[in-house]
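Asks: make a model of this:
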Amino acid sequence: MAGTILLAEDDRATNEALQRALGLEGYQVHAVADGAAALDAAASDEVDLILLDVMMPKRDGLSVCRELRRNGIRTPILMLTARTEVSDRVSGLDAGADDYLPKPFALEELLARVRALLRRSSDDEAMVVEDLRIDPPARRAWRGDTELELTKTEFDLLELLARNAGIVLTHSTIYERIWDYDFGPESKSLAVYIGYLRRKTEAGGQPRLIQTVRGVGYTMRRTDQ
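Replies: So this is what the prediction gives:
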């Protein structure tokens with residue numbers, strides 16, 4: 001079994017569709033339809049990931065997320081929200097969510113984010129993308145046999161890209177996750193830090209891992225993938 005997912009979604013059609021899709025991917029799904037049931041299930045069942053809708057009866061997703069974190073439950077949480085304002089998405093991350101996905105979303109993106117969060121929860125000791133290796137607890141990284149000298153922001157950005165390898169992260173998402181603020185399309189800060197990381201990760205002539213997706217953002221993958 002690929003893992004156990006707690007799905008908290010009050011819309012019946014969406015709940016049933018996600019149950020089917022996740023089941024076909026090999027996940028065991030425990031589905032609930034309100035925030036109170038989500039709290040009870042997260043506290044009593046062993047789950048690997050929580051898909052948490054923001055707008056639910058009895059308890060909304062944000063309050064559920066905050067209470068889970070206050071109670072020491074560190075299970076990865078992917079927030080599903082129809083709210084598209086930056087401030088709303090930031091509120092979800094501030095409540096303790098690990099990621100968010102605005103509705104409506106493509107099923108392929110949901111599944112990719114699920115895989116990324118499950119990798120994150122099982123990769124506390126190390127992450128490997130091609131010949132790039134990252135040790136999150138020690139905050140150290142290597143390209144091949146060479147250790148990279150990284151600032152705090154450079155490490156955070158490299159780790160974010162590696163944890164979401166193969167997923168295109170938008171400029172806004174990266175700004176919110178690394179700087180807790182979207183500086184807007186005119187800001188060059190992200191491009192500057194991407195340049196720093198490319199120079200350091202490609203210093204030995206290695207193939208480029210950090211790719212630009214023009215007009216969208218960045219992703220980590222080999223050029224030929």
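
Asks: just give me the residue closest to the centre of this protein.
Replies: Nearest to the mean C-alpha position of the chain, by Cα atoms, centre = their mean, lies Asp99 at 4.3 Å.

Asks: what bridges to that one?
Replies: For Asp99, the beta-bridge partners are Leu78 (DSSP bridges).

Asks: from memory it sits against Leu118, does it?
Replies: No. Here Asp99 does not reach Leu118: they are 11.5 Å apart, not a contact under Cβ atoms under 8 Å. (Glycine included, C-beta is placed from N, CA and C.)

Asks: quick one: the helices in this protein, in order.
Replies: Secondary structure of the chain (DSSP state H): helices at 12-24, 35-44, 61-70, 86-94, 107-122, 152-163, 171-179, 189-201.

Asks: hang on, Ala126 packs against Ala138?
Replies: No. Using Cβ under 8 Å, Ala126 is not in contact with Ala138, being 9.4 Å away.

Asks: looking at those two, which is more packed in?
Replies: More crowded of Ala126 and Ala138, by other Cβ atoms under 10 Å: Ala126, with 13 against 9.

Asks: so what's the more buried one up against?
Replies: By Cβ atoms under 8 Å, 6 or more residues apart in numbering, the residues touching Ala126 are 133-136.

Asks: and these, which is closest to Gly205?
Replies: Set against Gly205, the nearest of the contacts of Ala126 by Cβ to Cβ is Arg133 (17.8 Å).

Asks: now list whatever residues contact both of Asp99 and Leu118.
Replies: Common neighbours of Asp99 and Leu118 (Cβ under 8 Å, 6+ apart) are Pro76.

Asks: surely Arg66 is in contact with Ala95?
Replies: Yes. In this structure, Arg66 is within contact of Ala95 by Cβ under 8 Å, at 4.9 Å.
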